[in-house]
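Participant: Below are the sequence and a predicted model for it; my questions follow.
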Amino acid sequence: MNLDAAAMHPEIGLRWDAPGKAYFKKAAALKERVHAGLLQSFGQRHELFLSGNTSNGLIAVCLAAARAGLSPPGLINRPYPPYEKLLGYPGLLEADRPLQVCTHICPLTGEVVDLRAHGDALLIVDAAQSLGTCFQQELVETAPVFVAPLHKHVNLVPGLGVVGVDFDALEIEFGSSLRTVLEVMEHGAVYMGVLEECARRLDERQDAASLNQVRIQVGERLTSTASQIGLRVLTPTGIQAHIASFTTVNDAPVGDLLDAARIGARIFKQQNIFRISLHSDVHGVRSPEDYESFVVEALTHAPR
């Protein structure tokens, strides 16, 4: 007999001899396995907290900052579009604030921020595009706080994210507030299948092989090819990360010119951006120049 209405869902109550209690005991054990596996992958500097996704983690960190009496954060690099209203973009871009939200690799343009160049700021790093890539080491060595999903370059499972905190790098009041908020965020029911799959994949993975090692050379071949089909490159020149982004030279809708689905790219309609994003698990490990050739070839097949 189940006399706990909160444990009526089959996932929590009816599968177990002791409704509710056994579920949460197993979930706690799986969370510990996931924590241990993530620490092995990302190093021991940060204490890790599980979130539902990057957005949940970022909102929790911002709440903790507000509870500690800190002013709204400034911004370094353009944020992921849904965060623009939350973070006050563009008004707070590079604002002179003690707390800064830094988008390590901009998902729109591919611009990479050198985190070491902002050592005087208290950085909250949106690492959605850098955790699990060749920029991961810089991230874990430099960022006091980072937020990221576990489904992108980490390639573990959708439905989970992580917040990493180096409490030794934080003022006591902010650190205390952050720990309280993140512990509350991590508490509660999680779909068991997500935890089981994440723990299984962490047990099986080989860290070095799992990093997305793509770095694209953005050079003359790419800019010239883009220009020939009516595009300009938004990604800075030189050896960049795994993203190459474009917009139209005449501000026409990029979707009228290019078919993203044909080459597996993505269009951000509101920003009028066409983005190619590569992963070495799919495209192999090549030189930056080879990846430039790959993107050039892809662009030639994209026009409608």
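Facilitator: Ah, there it is.
Participant: ok, now how distant is the residue nearest to the spatial centre of the chain from H151?
Facilitator: Per Cα atoms, centre = their mean, the C-alpha nearest to the average position across the chain is that of A128, at 1.0 Å. Distance, A128 to H151, by Cβ to Cβ, to the nearest Å: 10 Å. Any C-beta I mention is one placed from the backbone N, CA and C, and that applies to glycine too.
Participant: Roughly how far does A199 sit from V34?
Facilitator: A199 sits 5 Å away from V34, going by Cβ to Cβ.
Participant: Settle it for me: which of those two has more neighbours?
Facilitator: The residue with more neighbours, out of A199 and V34, is V34; 25 against 21, by other Cβ atoms under 10 Å.
Participant: Spit out the contact partners of the more buried one.
Facilitator: V34 sits next to 50, 160, 195, 198-199, 202 when contact means Cβ atoms under 8 Å, 6 or more residues apart in numbering.
Participant: Ok, E171 next?
Facilitator: So E171 contacts A68 (Cβ under 8 Å, 6+ apart).
Participant: same thing but at 10 Å, please
Facilitator: 68, 70, 98, 122, 177 (Cβ atoms under 10 Å, 6 or more residues apart in numbering).
Participant: cool, and P236?
Facilitator: Contacts of P236 (Cβ under 10 Å, 6+ apart): 106, 109-112, 218.
Participant: still on that earlier bit, find me whatever residue is spatially closest to the residue nearest to the centre of the chain, sequence neighbours aside.
Facilitator: In space, and not counting its chain neighbours, A128 is closest to T54: 5.0 Å by Cβ to Cβ, 6 or more residues apart in numbering.
Participant: so the one you found makes contact with H104?
Facilitator: No. Using Cβ atoms under 10 Å, T54 is not in contact with H104; the gap is 11.7 Å.
Participant: Show me whatever sits in contact with both of the two.
Facilitator: The contact sets of T54 and H104 overlap at 126-128, 131, 146, 148 (Cβ under 10 Å, 6+ apart).
Participant: Inside helices: which ones of these?
Facilitator: Judged by DSSP state H, helices contain none of the shared contacts of T54 and H104.
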